[in-house]
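# Got a predicted structure here, sequence first:
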Amino acid sequence: MAIRVNPGFINALDRFGKENIQLCYQCGDCSAVCPHADEFYRFPRKPIRLLQMGLEKKLETTLEPWLCYYCGDCSDLCPRDANPGDTMMILRRYLTSVYDWTGLSKKFYTSHWWEFGAVLLIGIFIALLFSVFNPHGIVTTLTPDGGVKVNEMFPVGIVNIGAHIMLISIASFLIANIIHMWYLTLLKDKSLKIPFRLYITNLYQIIVHFFTQKQFSKCKDRSYWFFHWILMSGYVLMFALIVGNLKWFQTEKIYSWYEPQRILGYYSTLGLIAGLVFFSWGRIKKIGQKFKFSHLSDWIFIILLFMTTVSGILLHIFRIEGMPVATYYTYIIHMAVLVPMLCVEVPFSKWSHLAYRPFAIYFAEIKKSAMLIGKKNNL
Ligand code: SF4
Ligand code: SF4
């Protein structure tokens, strides 16, 4: 089979983040120090070699960049300052754009205007939608327990339908892209014979790695794993409450603090705040290798999540304190930030790694088992 070389690939990749990889002389120290590399997945050295050789098509089929958790240990050790950890991050952005059949990921990662424009347009559209299509405008009478009649201003049944349409759209994009990832990384390799049972016996990997991110805890600095996990759990929980269970969550009743709606909402908010403070501070101060380089997409994600969290907290306070005007406008602002964040970030940009990574680990385990079976049969 002919192997095509793209000599311009390394320069084209600069649009996803500036790498330094021509400095690498393949000593292999980075792979030796990485807690996630093994005899089957030798990274970051191997993908860097493919990159140096311009083997673009071969790189599209690799899973290694997803097995890296960007602890930065390899970059600390590299004798050539080639920043191998950052290159893995850049390759993940690139691979996200390869899997995405719409081409939007590529636009968002390589053009600031596209990402800003998409967020702004969707935000304006949502703000207009909520301002125009609400049956009673600002409802100033309060509920018997003194709260704002938020469901009268923004009927939860209708908002819930919109949330479900958004959920189905986001899930469809992500599923299509994951199928593309599966095709590129497993199906395309005709030399790989994968028994179907491996897909079944490894299925649990997706659940375990999505919810625990336990591989991450193998990195030397475990605080990074902890704050990433707490941010992720807060984010996923809030996503499930708002998009999956809004009728239960968007309530006019003022519950006591120990009611499930409040406990879950407070946990999610605390997780988001703890994670946001940790990551924002790390990136502002450039603490360690993992925060040394920030792409615009990293900041857009942090800013949108911060605005969503703050507007969500204010909305809660205004509602239970019986402040209808403030609740009305904060609700619209909250939605005008939340919806574009979910529509842009989840399927096409920064957030998509939460879906791709557990699937990559799942595919990598399947591949490893298939290779071991192949080896055994050839003995
Ligand atoms: S990136 Fe650095 S540590 Fe890794 S192989 Fe190249 S020179 Fe060696
Ligand atoms: S950044 Fe950490 S996890 Fe990623 S390749 Fe380097 S050592 Fe491994």
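Structure's in. What do you need? Numbering: from 1, shown residues only. Ligands and ions are numbered 1, 2, ... in the order given.

# The one helix or strand I48 maps to - contacts with which helices or strands?
Assigned by DSSP states H and E, I48 falls within helix 45-52. With contacts defined as 3 or more CB pairs under 8 Å, 6 or more residues apart in numbering; DSSP states H and E, helix 45-52 has these neighbours: helix 9-12, helix 29-33, helix 56-60, helix 64-67, helix 84-99. Bear in mind the C-beta positions are built from the backbone N, C-alpha and C, glycine included.

# Ligand 2 is nearest to which of those?
helix 84-99 (3.1 Å; CB to the nearest ligand atom).

# Give me the angle between the closest one and helix 45-52.
Put simply, helix 84-99 runs at 60 degrees to helix 45-52, going by axes from the mean of the first three to the mean of the last three CA atoms, to 10 degrees.

# I'd like the average pLDDT over helix 84-99.
For helix 84-99, the mean pLDDT works out to 95.

# could you pull out the helices for the stretch 101-250 of the chain?
104-110, 112-132, 150-153, 156-182, 196-201, 204-212, 222-239, 246-249 (DSSP state H, counting those that start in this stretch).

# out of those helices, deepest packed?
Of all those, helix 104-110 has the most neighbours on average by mean count of other CB atoms under 10 Å, namely a mean of 21.

# Packing partners of the worst-scoring helix or strand of the chain on mean pLDDT?
Lowest by mean pLDDT, DSSP states H and E among the helices and strands of the chain is helix 246-249, with a mean of 82. Counting contacts by 3+ CB pairs under 8 Å, 6+ apart, helix 246-249 is packed against helix 156-182, helix 260-285.

# helix or strand right after the shortest one?
In this case it means helix 260-285. Per DSSP H and E, the first helix or strand lying C-terminal to helix 260-285 is helix 296-320.

# what's the average pLDDT for that following helix?
Helix 296-320 comes out with an average pLDDT of 92.

# cool, and stretch 112-121?
Per-residue pLDDT over stretch 112-121 has a mean of 91.

# hmm, who's touching it?
Residues outside stretch 112-121 that contact it (CB atoms under 8 Å, 6 or more residues apart in numbering): 104, 107-109, 296-297, 300, 304, 340-341, 343-344, 349.

# Make sure V208 is actually in contact with N202.
No - with contact defined as CB atoms under 8 Å, V208 and N202 do not form a contacting pair (10.3 Å).

# Check the spacing between the residue nearest to F133 when sequence neighbours are not counted and G147 real quick.
Nearest residue to F133 in three dimensions, chain neighbours excluded: I158, at 7.9 Å (CB to CB, 6 or more residues apart in numbering). Distance of I158 to G147, given as CB to CB, to the nearest Å: 20 Å.

# which bits of this structure sit near ligand 1?
For the chain, the residues in contact with ligand 1 (CB under 6 Å from any ligand atom) are 24-30, 45, 48, 78-80, 82, 84.

# Let's see that with 8 Å instead.
Within the chain, the positions near ligand 1 by CB under 8 Å from any ligand atom are 21, 23-31, 44-45, 48, 74, 77-84, 87.

# and ligand 2, which of those residues reach it?
Counting by CB under 8 Å from any ligand atom, 30-31, 44, 74, 84 from the residues of the chain next to ligand 1 sit close to ligand 2.

# Export the residues you listed to TSV and append columns for distance to V5.
As requested, those are exported to TSV (distance: CB to CB, whole Å):
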residue	distance to V5
C30	23
S31	23
P44	20
C74	26
P84	22
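
# quick one: which of those has the most company?
Ranked by neighbour count (other CB atoms under 10 Å), these have P44 at the top, with 32 neighbours.

# I48 versus the residue lying closest to it once chain neighbours are set aside, what's the distance?
In space, and not counting its chain neighbours, P44 is closest to P84: 3.9 Å by CB to CB, 6+ apart. Counting by CB to CB, the gap from P84 to I48 is 6 Å.

# which neighbours do the two share?
Both P84 and I48 are in contact with 21, 24, 30, where contact means CB under 8 Å, 6+ apart.

# Test my guess that the last one contacts P47.
Think C30. No - taking CB under 8 Å as the definition, C30 is not a contact partner of P47, at 10.6 Å.

# quick one: the closest residue to L304 other than its chain neighbours from N20, how far?
Leaving aside its sequence neighbours, L304 sits nearest to M341 (CB to CB, 6+ apart; 4.0 Å). Separation of M341 from N20 (CB to CB): 31 Å.

# And for K58?
21 Å.

# cool, F108 as well?
Counting by CB to CB, the gap from F108 to N20 is 24 Å.

# Same check on L241?
Using CB to CB, L241 is found at 42 Å from N20.

# cool, C34 as well?
18 Å.

# Look at these two and report which has more neighbours.
For C34 versus N20, the count of surrounding residues by other CB under 10 Å is larger for C34: 27 against 16.

# Need the contact partners of stretch 158-176.
With CB under 8 Å, 6+ apart as the criterion, stretch 158-176 contacts 100-102, 133, 242-244, 246-247, 250, 339, 342-343, 346-348, 352, 355.

# for that stretch, what is the average pLDDT?
The pLDDT scores in stretch 158-176 average 93.

# Check stretch 201-211 too.
Averaging pLDDT along stretch 201-211 gives 94.

# so how far is that stretch off the chain centroid?
Relative to the mean C-alpha coordinate of its chain, stretch 201-211 is positioned 17 Å out (CA atoms, centre = their mean, to the nearest Å).

# Now tell me what touches the least confident helix or strand of the chain from outside.
Outside of helix 246-249, the residues within contact range by CB under 8 Å, 6+ apart are 156-157, 159-160, 163, 241-242, 261, 265.

# Can you name the residues of the stretch 51-200 of the chain that neighbour ligand 2?
So far as CB under 8 Å from any ligand atom goes, the stretch 51-200 of the chain lies against ligand 2 at 67-75, 84-85, 88.
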